[in-house]
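# for reference, the sequence and a predicted model appear below.
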Amino acid sequence: ERLLYGAAEERGGVLDELRGIVEGEMAHSTSMIALCEQNAFLGFHAEAEGYKYFPDKLRWRIELLNRLLDTEFVEAAEAIAAGQAPFPEQSGCALGPNRYDCPPAPGPLAADWQAAQDWGAAPAAPCEQSSLGLAWRERGGKSAPISEEPGAQWRAAHDSDAIYVRVECRVPASGGWRAALATVRLESSHLYPPRTFAVDAAGRRSTRLGWLVREAPWEAAAATDAGRTEFRLRIPLDAFDGEVDPARPMRVNVQVRFDAEGGGGRVTLSWAPFGPDRVQYRLGYGGNDAREMGWLWLV
């Protein structure tokens, strides 16, 4: 975080600190190889009934850390020497298609976020990426045959207390679909999993917060009228345990799941592109895929 978003004059020192950490880990792994070769019990995980580390894996780790020093550390050093921020694409500092500038909320929005129509300068962002055709995305049943897809867009605004998200969904005039679930993922720090906030068409809420994250009160509402469904969420900044800093962006994605009437299948529309393949579930990270996230700036 300090390397990506800290003061320019401090980046060289931060990079040196990081290099020392990597070199220290290589030294630790080298020492562990010798210890593992002396005692075959080291590294064995009784509960998992397997080895968590062993000499060949430790050598592989050293090789990866060496590669890190020869590639990303060189790239970062060259950027700092040129007076530039390192890794602008990976830090959200570069302009790109998956960037959302979240403006201040109009005064009345905080008191009437469930029904207010005035969202000030909050731009609409279409969810144009479709899961249809991604066989690995299907969750039971086949994708329903369609002649016209549903559509969705979202917008957001913020004040000193919360981020407000409005997701607007439409179904084709011919019917066949219903908006079932809106999901908002926000990652306030590169160090921790994103917080996932979801609300279904009945207004029921669910969350996935990773690990060691306290549950913070948040609110949601859903309403359907004349073929249009709106999901609205009020996510307090307190939910991020002090990690929100307007000087740096948050990772974000908004997805909407539509179910085919009659149980014929489902389709998910996403603001950020889908990843090319499904990631392996990883404890607190679950199935979250960093490739399926854009950037949100509190402007």
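Nice, I can see it.
# mind naming the longest helix for the protein?
helix 11-38 (DSSP state H).
# name every strand pairing with the following helix or strand past that helix and say which way it goes.
Where DSSP states H and E defines the elements, the next helix or strand beyond helix 11-38 is strand 44-45. Neighbouring strands of strand 44-45 in its sheet, by DSSP bridges, are strand 50-51 (antiparallel).
# what's in contact with the partner strand?
With Cβ atoms under 8 Å, 6 or more residues apart in numbering as the test, strand 50-51 has contacts from 43-45, 57. From N, CA and C alone the C-beta is placed, and that goes for glycine too.
# now the nearest residue to Tyr281 once chain neighbours are set aside: phi and psi?
Leaving aside its chain neighbours, Tyr281 sits nearest to Gly287 (5.3 Å; criterion: Cβ to Cβ, 6 or more residues apart in numbering). Here is the backbone geometry of Gly287 (degrees, to the nearest 10): phi -100, psi 20.
# Gly287 contacts Gly275, correct?
No. Between Gly287 and Gly275 there is no contact under Cβ atoms under 8 Å: 10.0 Å.
# the more surrounded of those two?
In this view Gly287 and Gly275 are compared by other Cβ atoms under 10 Å, and Gly275 has more residues nearby, 16 against 12.
# specify the local secondary structure of that one.
Assigned with DSSP: H, G, I helix; E, B strand; the rest coil, Gly275 falls in the coil class.
# can I assume it is in contact with Asp289?
Yes. In this structure Gly275 lies within contact range of Asp289 using Cβ under 8 Å: 4.4 Å.
# ok, now which ones touch Gly203?
Each residue near Gly203 by Cβ under 8 Å, 6+ apart is listed here: 220-222.
# got a pLDDT number for it?
Gly203 is assigned a predicted lDDT (pLDDT) of 96.
# could you do the one 5 residues further on as well?
We have a pLDDT of 85 for Arg208.
# quick one: it and Thr224, what's the gap?
25 Å (Cβ to Cβ, to the nearest Å).
# and the contacts of Gly203, which of them are buried?
Buried by 16 or more other Cβ atoms under 10 Å: 220, 222, out of the contacts of Gly203.
# which of the contacts of Gly203 sits closest to Gly176?
Ala222 (19.9 Å; Cβ to Cβ).
# does the closest residue to the closest one other than its chain neighbours count as helix, strand or coil?
Leaving aside its sequence neighbours, Ala222 sits nearest to Gly203 (Cβ to Cβ, 6+ apart; 4.6 Å). Three-state call for Gly203 (three-state DSSP): coil.
# just the CA trace of stretch 101-120, in PDB.
Extracted in PDB, the C-alpha atoms of stretch 101-120 (Å, rounded to 0.1, in the frame of the first residue of the first chain):
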ATOM      1  CA  ASP A 101     -15.500   8.000 -10.100                       C
ATOM      2  CA  CYS A 102     -17.900   8.000  -7.100                       C
ATOM      3  CA  PRO A 103     -19.200  11.500  -6.500                       C
ATOM      4  CA  PRO A 104     -20.400  13.100  -3.200                       C
ATOM      5  CA  ALA A 105     -24.000  12.200  -2.500                       C
ATOM      6  CA  PRO A 106     -26.600  15.000  -2.600                       C
ATOM      7  CA  GLY A 107     -27.800  16.100   0.800                       C
ATOM      8  CA  PRO A 108     -31.200  14.400   0.800                       C
ATOM      9  CA  LEU A 109     -29.800  11.100  -0.400                       C
ATOM     10  CA  ALA A 110     -28.600  10.000   3.100                       C
ATOM     11  CA  ALA A 111     -32.000  10.400   4.600                       C
ATOM     12  CA  ASP A 112     -34.000   8.900   1.700                       C
ATOM     13  CA  TRP A 113     -31.500   6.500   0.000                       C
ATOM     14  CA  GLN A 114     -34.200   3.800  -0.400                       C
ATOM     15  CA  ALA A 115     -36.400   6.000  -2.600                       C
ATOM     16  CA  ALA A 116     -34.500   9.100  -3.700                       C
ATOM     17  CA  GLN A 117     -34.400   9.700  -7.400                       C
ATOM     18  CA  ASP A 118     -31.800  12.500  -7.300                       C
ATOM     19  CA  TRP A 119     -28.400  10.900  -7.200                       C
ATOM     20  CA  GLY A 120     -26.600  14.000  -8.200                       C
END
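# sounds good, over and out.
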